[in-house]
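sequence? don't have it. structure:
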Ligand code: ADE
């Protein structure tokens, strides 16, 4: 196996991320492209995708079963997951399970995860996973929002993407982090590029003025206004300036 499926980076300092899923193909394409792919190739991240089925026993390599007590859907069985964790985890591993009933993924949690040395993410499916897996193997249960996806792989990809941006060197321009929507609890300001006029819509005059002080002031005002209008709850949230690792 090449690319994302095998060991990708040789740097000891790279953050290690293992993903355990029944749908490795869903994640590989995502992880090989764009900023994440570049970070992997640069040795900043060591990401491996594993097929949970590889740890399932028997001719049919069954990974799920009907829930005790009845009900719809199937539940991921504990045995293959325990076997995979035994093989993939070490003393510095943080077991992560993306689930709609987990702790909400917000910036402070993202930053905390970015300080970890090794994340082992279990992607759920069907009606969920046997509770004994969650009790014994999982350190962080994380929800990416109040809706239910059909597959935890997508949620795992969101977690990894959000975390990766906080690893030094992953973003080409470090400063783009400080202009993020959530950094400092404010939304971003409107951005424009050439042409200065398009289909009758003009770029705000101030941005063409070359007056950097005035531009900064305009951007600050825009951020505050947009935050008030779109996310008034953000200003009430606790501040995000906890120490980075
Ligand atoms: N799996 C299914 N839905 C999810 C959600 N909202 N967050 C995290 N994992 C999930």
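Great, that's in hand. No experiment lies behind these values; they were computed from the predicted model shown. Residues are numbered from 1 along each chain as shown.

Lowest-scoring secondary structure element of the chain by mean pLDDT?
helix 175-178 (a mean of 59; mean pLDDT, DSSP states H and E).

can you tell me the average pLDDT over the helix ranked longest in the chain?
Longest helix of the chain, by residue count under DSSP state H: helix 212-230. Regarding helix 212-230, the rounded mean pLDDT is 96.

Could you list every helix and strand in contact with that helix?
Using 3 or more CB pairs under 8 Å, 6 or more residues apart in numbering; DSSP states H and E, the elements in contact with helix 212-230 are helix 205-208. For the C-beta atoms, the positions are set from N, CA and C on the backbone; glycine is no exception.

Just the buried residues of the helix it packs on, please?
Within helix 205-208, the residues scored as buried using 16 or more other CB atoms under 10 Å are residue 207.

And the contacts of it?
192, 196, 214-215, 218 (CB atoms under 8 Å, 6 or more residues apart in numbering).

of these, closest to the ligand?
For the contacts of helix 205-208, the minimum distance to the ligand (CB to the nearest ligand atom) is 33.5 Å, reached by residue 192.

Now for the nearest residue to that closest one once chain neighbours are set aside, how many residues are close by?
In this structure, residue 192 finds its nearest non-sequential neighbour in residue 203, 4.4 Å apart by CB to CB, 6 or more residues apart in numbering. Taking other CB atoms under 10 Å as the criterion, the count of residues near residue 203 is 16.

Next, the contact list for residue 203, please.
By CB under 8 Å, 6+ apart, the residues touching residue 203 are 192, 196-197.

For the longest helix of the chain, which residues meet the burial criterion?
By neighbour count with 16+ other CB under 10 Å, helix 212-230 contains the buried residues 215, 218-219, 222-223, 226-227.
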